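Asker: Just the structure for this:
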Amino acid sequence: MTLLAPSVGEVALLANALNVTTPEALTLRLYTNNHAPTAADTAASYTEASGNGYAAVAMTRAGWTVTNSTPSYATYAQQTTSWTGTVTVYGYFITGTTSGTLYWAEEIYPSGQVFNSGDTLAITPKITLT
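Answerer: Below is the predicted model:
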């Protein structure tokens, strides 16, 4: 359950942080393929969930809380999906809403977690800088 920013995500995050590019909105997506994030990943490395009550989440700037700590971190407001069918989830990934660039991913269920109709999944994205 380690968050990983692949090479393409590191470049995008640095370019945004240093104002080299205009930061874009981000989208939170769940993935259903058995894949542990790697540095070589792109958004195409992940199979996004579909149907069964799933919808990607458009993330807003106001949804983030940044905490000055050792180490400092940012968390996004908890997002909950209520399933209307059966799906197996392995984790989530964050993409640029306009570019489709993979910013980061996190495998939260290494063996996959089956969700059935009526089940809910709550995710609170968090990124920590060390």
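Asker: Find the centremost residue of this structure, please.
Answerer: For the chain, the residue nearest the mean C-alpha position is F93 (3.0 Å; C-alpha atoms, centre = their mean).
Asker: Who does it form a beta bridge with?
Answerer: Taking DSSP bridges as the rule, F93 bridges to R29, A105.
Asker: So it sits against E107, correct?
Answerer: No. Counting by C-beta atoms under 8 Å, F93 does not reach E107; the two are 9.6 Å apart. Any C-beta I mention is one placed from the backbone N, CA and C, and that applies to glycine too.
Asker: Quickly list what's touching both of the two.
Answerer: P37 (C-beta atoms under 8 Å, 6 or more residues apart in numbering).
Asker: tell me which residues of stretch 30-48 are tucked away?
Answerer: For stretch 30-48, the neighbour count (16 or more other C-beta atoms under 10 Å) marks L30, Y31, T32, H35, P37, D41, A43, S45, Y46, E48 as buried.
Asker: And the nearest residue to E48 once chain neighbours are set aside, how close does it get to L129?
Answerer: Nearest residue to E48, sequence neighbours excluded (C-beta to C-beta, 6 or more residues apart in numbering): R29, at 4.9 Å. Distance, R29 to L129, using C-beta to C-beta, to the nearest Å: 23 Å.
Asker: Look at these two and report which has more neighbours.
Answerer: The neighbour comparison of R29 against L129 (other C-beta atoms under 10 Å) goes to R29, with 21 against 7.
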